[in-house]
Every structure is written in structure tokens, then in C-alpha cells.
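Student: Sequence and computational prediction follow.
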Amino acid sequence: MPSSTAHSAPQRWDIFCTVVDNYGDIGVCWRLARQLVAEHGVAARLWVDDLGAFARICPEIDPERDSQSAAGVDVRHWSQPFPAPDDPADVVIEAFACELPEAYVAAMARRQPAPRWINLEYLSAEPWVADCHGLPSPHPRLPLTKHFFIPGFDENSAGLLRERDLLARHAGFDAPAWWAQHGGAPACGSLAISLFAYENNAVAALLNAWRSESRPVRCLVTDSRVLNSVSAAAGTTLVPGDVRRDGALDLRILPFMRQEAYDDLLAACDLNFVRGEDSLVRAIWAGKPFVWHIYPQDDAAHRVKLDAFLDRYCAGLSIPANDALRTFWHGWNAETLTADQWRAFAGHLPEIVAHTRNFRDRLAQLPDLAKTLADFCADPV
Ligand SMILES: Cc1cn([C@H]2C[C@H](O)[C@@H](COP(=O)(O)OP(=O)(O)O[C@H]3O[C@@H](C)[C@H](O)[C@@H](O)[C@H]3O)O2)c(=O)[nH]c1=O
């Protein structure tokens, strides 16, 4: 149910997003803002410090304009100094612990009732999420309380972003039409693979393995950081539109696409290599086997995060499939992958296909992140 009625003004939400690097931060905030407007009837204003990054995933955005509307969302450039705040919103989302403008926080403190203030954290499959999700954090000086919202994989977390019609869209996906517009259907019996990742030295081993596969492999490389590694492995600079055929491998470089189109790419392929948290979640909803290149952190904290996810994802797999999948994911993330590891993983793909579909279906039983948030914020503080 929308949060507003015909008689009351819609609830106003301000979502603040700083683009730390890449597209994950804005990718998540943009999806959330659109879904809140479309499914919960709120008036959402999205403050973004880097409109250039935003325009890459949503080409309607004009990076030169401080104020514009897209998909019903009021998009604002979060510039410095921050414009004097008018009336702070009913709900204020601070995405990924970005620091709100001081003047805005002061205005929040003057508001009656105080706004709901949410710190939307990074996704994690780790067990500590259950203890921290939803915790209040009173402001040390002002009459404000911030709550932590942590996306995750069970009912003790904030859930995952999932639009109401997403699974139906995947179920009705017209693969032949998609392939007709994207270079033609792969040869019969092919394995279609999308490749989105950070730079990764293991690309060379992977491409070699695919060249000598027993079945044709159509690999669609996104115009992302992994393209540097693909170019290095190919010994030439590849650009969107390039096609390279070598042995069983048919390699195609795609242009960077709008965010909605990325979902279709995941739906079209049999296996998706993803990175960061937003593409990981989209790969789960596509219900196809996937391989996660997790955002690397200096202290190797990403290994713990990766294993926590693997523990959830692999539960219920046979021991050989479990071993092959984990070894393959670790090899990809450590950039030490071998052709044997690919063959072992690929040999278990039929089991992993069915397993991933079940994993997706189980997660789809949980409330989605926008709903969890909208429910929590439905009433004033
Ligand atoms: C390949 C492609 C992706 N996308 C979108 C899909 C996603 O919304 C977004 C990519 O986001 P992610 O998968 O999260 O990967 P990322 O590496 O871009 O973002 C990262 O930012 C870091 C700061 C975080 O620590 C990471 O966890 C992650 O969020 O880009 C397109 O819109 N078009 C494309 O062609």
C-alpha cells in the first residue's frame, strides 16, 4: 500500500548519496528512490554529489543541472556549500554512512516531530547483522536518533532491494528478442556469460579455458574496469563493439548500459560474473549461476564477507559442487584461477542452476528493503 492517501500529502523522503567510487552507491540509491516513489507513493528527493557517475547509469540525468526530475524522483546536486535547508523531510536516509550537511542536521533537530533518520549500511551476509540491524543511535547533542538499516539475507536484516514486478519481468523475459538486438543468438548449445568485474589477473586463465571449452562460449564483457584485464589478456586495446573469435570463445565488448538494461543482460546469460553489492543482488534475482568479485579491502575484510555469503548461498549443495564453487570463487577473487578450477565448476553447473533458482525463490519470500524501510518509517518518531 502506498504510504500516502488521496487526502494526505505524500510522505517526504530525502536520500543523501556520496559516490565513493564506481557505481554501487548511486546504483543502490537510485533503485531505492525509484521504488519508494513507484510502490510506496512517497515524494523522494535524491541528493547526489557526483551527477556524472549518476548519468552513466541513467542517461536522462544532466550533470550540469542542480535540480531535475527523473522517474518521479526529484534529483538534486549535493553541492558544497549545501544550499540553506528549507523544511527537512519526514524521512532522511544517509546512504553508506555519508555525512549529512551540518546545516541540514541542525534543521532536522528543529523540526517537530523529528524526522526518521536512517543510516543505510552496506550489504552483508555476516551473522553480526542480526545484532546491529535496527539499532538506535541517539545524537550526542541534538534531540535526534539515527537508526541503522543493514541490508542482508534473512528476516533479521533490512532485506534486499527488489521491485514488486522484478521476478515477473524475469519470468517473462524474451531472450530471443534480446539476442536479436545484441549480435544474434549464440550458437546452439553455447554457454552465454556476462563479465562485470574489477581488474582481475585471472581473466587470462579464464579466457584460455573458454577458448578450449567443449561447447561454444559467448562472453559479453561490460565496459567496466575488467575490460582493462580483458584487453591485457588479448594483447590489444578492446573497445565497445569489438568482437573476437578464438577457438570455442566468441568474445564481445558491450557499451556501458543504463541500469535497467543491465538486468536484461543478466537475464539473457547462463552465467553472470558480477562485482560490488548491487550487481550481486541483481544476479541473485536473475536466478542464474553467478560469480561475485567482491570489492577488495586492504585488510582482507572482504574475504570474511565473501565467505559469509558463500555459507548462505552454498547451503544445500552437494559436497563436490560446494567444493568446486567455493574453489572457483576464491580463485577468481584471489586472481589465481586455473583452467582445472573452471572445468570443475562448469561440470557442476547443472546442479548449481537448480540450486541458484531455489536460493532466489527462498530470498524472494522475505520483505524487500524498500518495504522494510517504508514500514519502519510509516509513523513519525
Ligand atoms: C556493467 C553495468 C553496471 N551498471 C550498474 C549496475 C549497478 O547498479 C552498478 C554497479 O554497482 P555494484 O555492482 O555495486 O559495483 P561497484 O563496484 O560499481 O560499486 C561498489 O562501490 C563500492 C564503494 C562498494 O564498496 C561496493 O560494494 C560496490 O557497491 O552499475 C549499469 O548501470 N550499467 C552497466 O553497463
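Tutor: Ah, there it is.
Student: Just give the number of residues close to residue 264.
Tutor: 20 (other Cβ atoms under 10 Å). Bear in mind the C-beta positions are built from the backbone N, C-alpha and C, glycine included.
Student: hang on, it in a helix?
Tutor: Yes. Counting by DSSP: H, G, I helix; E, B strand; the rest coil, residue 264 is part of a helix.
Student: which element is the nearest residue to it once chain neighbours are set aside on?
Tutor: If the residues on either side of it in the chain are set aside, residue 264 comes closest to residue 178, at 5.9 Å by Cβ to Cβ, 6 or more residues apart in numbering. Here residue 178 is covered by helix 175-181, with elements defined by DSSP states H and E.
Student: which residues sit against that helix?
Tutor: With Cβ atoms under 8 Å, 6 or more residues apart in numbering as the test, helix 175-181 has contacts from 185, 186, 264, 267, 268.
Student: Also stretch 107-117?
Tutor: Here stretch 107-117 has contacts from 85, 87-92, 94, 100, 139, 142-147, 376-377, 380-381, using Cβ under 8 Å, 6+ apart.
Student: Quick one: end-to-end distance for it.
Tutor: 13 Å (Cα to Cα, to the nearest Å).
Student: Kindly report the same for stretch 172-190.
Tutor: 21 Å.
Student: Counting only strands, which of the contacts of stretch 107-117 make the cut?
Tutor: 91, 92, 94, 145, 146, 147 (DSSP state E).
Student: Looking at those, which is nearest residue 40?
Tutor: Comparing the ones in strands among the contacts of stretch 107-117 against residue 40 with Cβ to Cβ picks out residue 91 as the nearest, at 10.5 Å.
Student: Any residue of whichever helix or strand residue 260 is part of touching the ligand?
Tutor: Per DSSP H and E: residue 260 is located in helix 259-268. Yes. Using Cβ under 6 Å from any ligand atom, we find that helix 259-268 touches the ligand at 259, 262.
Student: Over to stretch 197-215?
Tutor: No. Stretch 197-215 stays clear of the ligand (Cβ under 6 Å from any ligand atom), getting no nearer than 6.8 Å.
Student: residues touching residue 187, list them.
Tutor: 216, 218, 250.
Student: tell me the angle the host helix or strand of the second one makes with helix 259-268.
Tutor: Going back to what we said before, that points to residue 218. Counting by DSSP H and E, the element that carries residue 218 is strand 217-221. Relative orientation of strand 217-221 with respect to helix 259-268: 170 degrees, computed using axes from the mean of the first three to the mean of the last three Cα atoms, to 10 degrees.
Student: Check which helices and strands strand 217-221 sits against.
Tutor: If you count contacts as 3 or more Cβ pairs under 8 Å, 6 or more residues apart in numbering; DSSP states H and E, strand 217-221 packs onto strand 191-195, helix 203-211, strand 249-253.
Student: highest average neighbour count across those?
Tutor: strand 191-195 (a mean of 23; mean count of other Cβ atoms under 10 Å).
Student: any idea of the mean pLDDT for it?
Tutor: The average pLDDT within strand 191-195 is 98.
Student: Any part of it near the ligand?
Tutor: No. Using Cβ under 6 Å from any ligand atom, strand 191-195 never reaches the ligand; the gap is at least 8.3 Å.
Student: and the spatially closest residue to residue 51 that is not a sequence neighbour, backbone torsions?
Tutor: If the residues on either side of it in the chain are set aside, residue 51 comes closest to residue 63, at 4.0 Å by Cβ to Cβ, 6+ apart. Dihedral pair for residue 63: phi -60, psi -20, per degrees, to the nearest 10.
Student: hang on, residue 196 packs against residue 275?
Tutor: Yes. Using Cβ atoms under 8 Å, residue 196 is in contact with residue 275, at 5.7 Å.
Student: which residues are in contact with both of the two?
Tutor: Joint contacts of residue 196 and residue 275 (Cβ under 8 Å, 6+ apart) are 224, 226.
Student: Quick check: the residue of the stretch 151-300 of the chain nearest the ligand.
Tutor: Taking Cβ to the nearest ligand atom, the ligand has its nearest neighbour within the stretch 151-300 of the chain at residue 276, 2.0 Å off.
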